[in-house]
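1. sharing a sequence plus its predicted fold:
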Amino acid sequence: MKVLILYASITGNAKGMARFLVQFFEHYHADVTLGEMQQTDAAKLLDYDAVILSTYTWSGGTIPEETQDFFEDLKTLDFSKKPLVFGIAGTGDKFYGQDRYNTAPDHFAAVLTENGAIQGASPIKIEQGATQSDMPAFNAFTQAVMAKVTSLQK
């Protein structure tokens with residue numbers, strides 16, 4: 001199973017989540033590629049069985065500025081021809097208010113779903129950086145995504 005994990009991170013929190021997810025997917029024997037959203041051509045997602053996006057929410061509840069081009073490119077792709085399973089991990093800060101807390105994962109999930117990708121797991125949304133107490137959620141997330149890919153490949 002080929003899994004692409006992409007992140008956007010200023011503080012290192014989303015990058016840290018991506019690194020944890022690499023370890024979990026590799027533990028379950030996935031072939032994992034790690035990269036940054038802003039340095040990745042969105043069309044590359046078509047080469048994978050699953051894509052995981054690890055992002056933060058910018059103030060105002062928006063996607064990170066450096067992911068805007070990637071986000072717009074996602075809108076032009078058709079993921080319905082070859083099933084693409086996705087999962088999203090988000091980090092946020094409750095300081096910005098509940099209505100703006102960790103909303104970037106929802107924006108990414110909406111555009112992927114609208115273009116035919118299949119959500120493999122509920123988003124992981126944490127405040128600030130991942131801790132040991134978040135590891136069971138990362139494990140369950142990984143297993144759910146992998147199970148969805150497996151069920152679609154049968």
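-> Okay, I see it. Numbers count the residues shown, from 1 in each chain.
2. strands along this protein, start to end?
-> Applying DSSP state E to the chain gives strands spanning 2-7, 31-36, 50-56, 85-92, 118-119, 124-127.
3. would you mind finding the most buried of these?
-> Burial of the strands of the chain is given as mean neighbour count (mean count of other Cβ atoms under 10 Å); strand 50-56 ranks first at a mean of 28. (Glycine included, C-beta is placed from N, CA and C.)
4. wait, Gln153 sits on Asp49?
-> Yes - Gln153 lies in contact with Asp49 (Cβ atoms under 8 Å); the separation is 7.4 Å.
5. so these two - more neighbours on which side?
-> Under the neighbour definition other Cβ atoms under 10 Å, Gln153 and Asp49 were set side by side, and Asp49 has more, 22 against 10.
6. so what's that one up against?
-> 1-3, 83-85, 149, 153 (Cβ atoms under 8 Å, 6 or more residues apart in numbering).
7. cutoff 7 Å now
-> The contact partners of Asp49, by Cβ atoms under 7 Å, 6 or more residues apart in numbering, come to 1-3, 85, 149.
8. and for Gln39?
-> Contacts for Gln39 were tallied using Cβ under 7 Å, 6+ apart; there are none.
9. switch to 10 Å and redo it
-> 6, 66, 70 (Cβ atoms under 10 Å, 6 or more residues apart in numbering).
10. where does it land on pLDDT?
-> Here, the pLDDT recorded for Gln39 equals 96.
11. so where do the helices sit in this protein?
-> Ranges of helices within the chain are 13-27, 68-74, 104-114, 135-153, based on DSSP state H.
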